[in-house]
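**Student:** Just the structure for this:
(chains A, B, C and D)
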Number of protein chains: 2
Amino acid sequence: MRKLDKIPSCEFCFKDNDIFKYLTKDEYDVVSYIKTCNFFDRGDVIYHEGNRVGGVYCVNKGIVKHYKTGIDGKEQIVRFSKKGDIFGFRSILSEEPACTTTKVIEDAGLCFIPLDQFLSLVNNNPAFSMAIMKMSCVELGAANKYILDIAQKNVRERLAEILLLLNDNFGVTSEGYLAISLTRDELASFVGTATESVIRLLSEFKHDGLIEINRRKIKLVEINKLKKISEIF
Amino acid sequence: MRKLDKIPSCEFCFKDNDIFKYLTKDEYDVVSYIKTCNFFDRGDVIYHEGNRVGGVYCVNKGIVKHYKTGIDGKEQIVRFSKKGDIFGFRSILSEEPACTTTKVIEDAGLCFIPLDQFLSLVNNNPAFSMAIMKMSCVELGAANKYILDIAQKNVRERLAEILLLLNDNFGVTSEGYLAISLTRDELASFVGTATESVIRLLSEFKHDGLIEINRRKIKLVEINKLKKISEIF
DNA sequence: CGGGCAGTTGACCCCGCTCAAGCGCGGTGG
DNA sequence: CCACCGCGCTTGAGCGGGGTCAACTGCCCG
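**Tutor:** Got it, this is the predicted structure:
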């Protein structure tokens, strides 16, 4: 973690973000004053599963992964957060310790709003509170869907689905590659399978012309065919 | 569904329920006046996955299951609701169609609060709104945990875990049997496996003296051993 | 040049799914 | 009252998806 010389403006968050646009001018000013900002490098851990979370984080830049740790320390990624996303609120609002570890996978700038400040916003601004509620309910719907997927789809179907999900969430670079770059291990942790299985299936997809691979960069070529593979139901 | 001759009092909900105790006297009166109540038999569907939900339900009596439908119509149960629980709010607050089908598994009395009325409570009563938020965030934590379980634990471990979870959530009858009675199929849908696998493992647990089985009734005998089986991590 | 790590490939084998057959109990109708 | 039927449950056999282990490659970096 590195302190920033210059605190980035939160204008982005307040304008385009689904959450902060509901703040009043006064609230905006207070948050802008109170918030702290830091840079983190790939591999930095923001907080560990089981720890209390001291406030809410807003991603200014970069990408973080949220994962749980299981058998033999094997990771299961449940979600990513990118520019404009906020995280940490689940733990605060449920009054539970963090249910995931949050680690940086692409050098990130994170703004931090302390717990008390966040709770005061939630309590005093119904529109803001409603937006947070909506977020957590949308996330809950996604989690339920993923439970079905892991329980009933095979690895091949899930991998196709996750490639499409990454495509939707992160888009592509100017060269057409997925704008999120994951190791085979991370991809496996997200799909919920072994690294070797991901590698074999990526090779198969590549062989079948569904994707192109250039080291860690992946380009989806036949999106419709991938959809067919993933949309068994 | 059968209309009730007599609308049950919501006193229970307002006193003991984690949610409704935050309502003011005025709000209580309005909700009491507006709410409708009906009885449903085992097998009745309250709403289907993909449909809009018109309001929030509060369980007065009985048990319902929430499940998603996957390949070949195979169910995946994600959650149950029992006396005092409310459901339907996820769809309303996320402004999405229902992500699960809700079906009665033990004859149930359900109160219904229309969407507008519910939203007005959420908007005007911060404590109530906070309680709802807490609920959805707790549920989200549970869903994340279950993703890890399904991805990394084997069926034996998951079955042990789910028996313990049913024990915690529903308690036992005076005879010591789990107070929720599920078919083998339903148990399999919740564990996320085939019916035959559940049956084989239940036999094994019984043989090892961990549980007793009497038709559909299950008694947990060696809770600590079951915990050991389920708590691989 | 050598060590280390991500990625890849092959071999093996086991968990758990599927298919099929049989069992037992409760309900229905003759 | 018994015979039959159907559904939920149980058990066995077979097999294949995918996890694990091990060996090898290629690239980066000191």
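
**Student:** List the contacts of the residue nearest to the spatial centre of chain A.
**Tutor:** By Cα atoms, centre = their mean, chain A has its centre lying nearest to residue A:80, at 1.5 Å. Residues in contact with residue A:80, defined by Cβ atoms under 8 Å, 6 or more residues apart in numbering or on different chains, are A:63, A:64, A:65, A:66, A:105, A:169, A:170, A:180. For glycine as for every other residue, the C-beta is placed from the backbone atoms N, C-alpha and C.

**Student:** if we go to 7 Å?
**Tutor:** By Cβ atoms under 7 Å, 6 or more residues apart in numbering or on different chains, the contact list for residue A:80 reads A:63, A:64, A:65.

**Student:** so how far is residue A:200 from it?
**Tutor:** Counting by Cβ to Cβ, to the nearest Å, the gap from residue A:80 to residue A:200 is 24 Å.

**Student:** For the residue in chain A positioned nearest to DNA strand D, grab phi and psi.
**Tutor:** Nearest residue of chain A to DNA strand D: residue A:154, at 2.8 Å (Cβ to the nearest atom of the strand). Dihedral pair for residue A:154: phi -90, psi 180, per degrees, to the nearest 10.

**Student:** ok, the helix or strand residue A:149 falls within near chain B or not?
**Tutor:** Assigned by DSSP states H and E, residue A:149 belongs to helix A:126-152. Yes - for helix A:126-152, a contact with chain B is found by Cβ under 7 Å from any Cβ of the partner chain, at A:126, A:129-130, A:132-134, A:136-141, A:143-148, A:150-152.

**Student:** Who are the packing partners of the next helix or strand after that helix?
**Tutor:** Next along the chain after helix A:126-152, taking DSSP H and E as the criterion, comes helix A:155-170. Where contact means 3 or more Cβ pairs under 7 Å, 6 or more residues apart in numbering or on different chains; DSSP states H and E, helix A:155-170 is packed against helix A:126-152, helix A:184-191, helix A:195-207, strand A:217-220, helix A:223-230.

**Student:** got the buried residues for helix A:155-170?
**Tutor:** A:155-164, A:166-167, A:170 (16 or more other Cβ atoms under 10 Å in any protein chain shown).

**Student:** So what touches that helix?
**Tutor:** A:82, A:149-150, A:178-180, A:190-193, A:197-198, A:201, A:218, A:220, A:223, A:226-227, A:229-230, A:232.

**Student:** what angle do it and helix A:195-207 make?
**Tutor:** 80 degrees (axes from the mean of the first three to the mean of the last three Cα atoms, to 10 degrees).

**Student:** quick one: helix A:155-170 near DNA strand C?
**Tutor:** No - judged by Cβ under 7 Å from any atom of the strand, helix A:155-170 stays clear of DNA strand C, getting no closer than 12.5 Å.

**Student:** interface residues of chain A facing DNA strand D?
**Tutor:** Counting by Cβ under 7 Å from any atom of the strand, the residues of chain A that sit close to DNA strand D are A:154, A:155, A:156, A:193, A:194, A:196, A:197.

**Student:** OK, contacts around the last one?
**Tutor:** Pointing back at residue A:197 there. A:155, A:188.

**Student:** Please repeat the previous calculation with a cut-off of 6 Å.
**Tutor:** residue A:155 (Cβ atoms under 6 Å, 6 or more residues apart in numbering or on different chains).

**Student:** hmm, back to that, and the helices and strands packed on helix A:155-170 as CSV, adding distance to residue B:111 and mean pLDDT?
**Tutor:** As requested, these are exported to CSV (distance: least, Cβ to Cβ, whole Å; pLDDT from 0 to 100):
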stretch, distance to residue B:111, mean pLDDT
helix A:126-152, 21, 97
helix A:184-191, 40, 97
helix A:195-207, 48, 97
strand A:217-220, 48, 97
helix A:223-230, 39, 96
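
**Student:** Make a markdown table out of those and add distance to residue A:27.
**Tutor:** As requested, those are exported to a markdown table (distance: least, Cβ to Cβ, whole Å):
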| stretch | distance to residue A:27 |
| --- | --- |
| helix A:126-152 | 8 |
| helix A:184-191 | 35 |
| helix A:195-207 | 44 |
| strand A:217-220 | 41 |
| helix A:223-230 | 41 |
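
**Student:** out of those, nearest to residue B:99?
**Tutor:** Across those, residue B:99 has its closest neighbour in helix A:126-152 (4.3 Å, Cβ to Cβ).

**Student:** what's the closest one packed up against?
**Tutor:** When contacts are defined as 3 or more Cβ pairs under 6 Å, 6 or more residues apart in numbering or on different chains; DSSP states H and E, helix A:126-152 sits against strand B:75-82, helix B:89-94, helix B:126-152.

**Student:** List the buried residues for stretch A:73-89?
**Tutor:** Quick answer for stretch A:73-89 (16+ other Cβ under 10 Å): A:74-89.

**Student:** re earlier: what's the most distant pair in the residues of chain A next to DNA strand D?
**Tutor:** Largest pairwise distance in the residues of chain A next to DNA strand D, by Cβ to Cβ, is 15.2 Å, between A:154 and A:196.

**Student:** that older thread, nearest to residue A:98 among the buried residues of stretch A:73-89?
**Tutor:** Looking across those and measuring by Cβ to Cβ, the closest to residue A:98 is residue A:88, at 7.7 Å.

**Student:** That closest one and residue A:54 touch, don't they?
**Tutor:** No - contact criterion Cβ atoms under 6 Å: residue A:88 and residue A:54 do not qualify, at 8.3 Å.

**Student:** Would you mind giving the domain segments of chain A?
**Tutor:** Following automatic domain parsing, one finds the domains of chain A at A:2-140, A:153-230.

**Student:** quick one: which of those is nearest residue B:44?
**Tutor:** Nearest to residue B:44, of these and by Cβ to Cβ, is domain A:2-140 at 24.4 Å.

**Student:** DNA strand C contacts on chain A?
**Tutor:** Residues of chain A lying near DNA strand C (Cβ under 7 Å from any atom of the strand): A:183, A:184, A:185, A:195, A:196, A:199, A:200, A:202, A:203, A:213, A:215, A:216.

**Student:** Return the members of those classed as buried.
**Tutor:** residue A:202.

**Student:** For the residues of chain A next to DNA strand C, could you give me CSV that also reports distance to residue A:59?
**Tutor:** Listed next are the residues of chain A next to DNA strand C as CSV, based on distance: Cβ to Cβ, whole Å:
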residue, distance to residue A:59
A:183, 20
A:184, 24
A:185, 22
A:195, 27
A:196, 32
A:199, 29
A:200, 33
A:202, 27
A:203, 33
A:213, 27
A:215, 25
A:216, 21
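
**Student:** For residue A:213, which three-state class applies?
**Tutor:** Of the three states, residue A:213 takes strand under DSSP: H, G, I helix; E, B strand; the rest coil.
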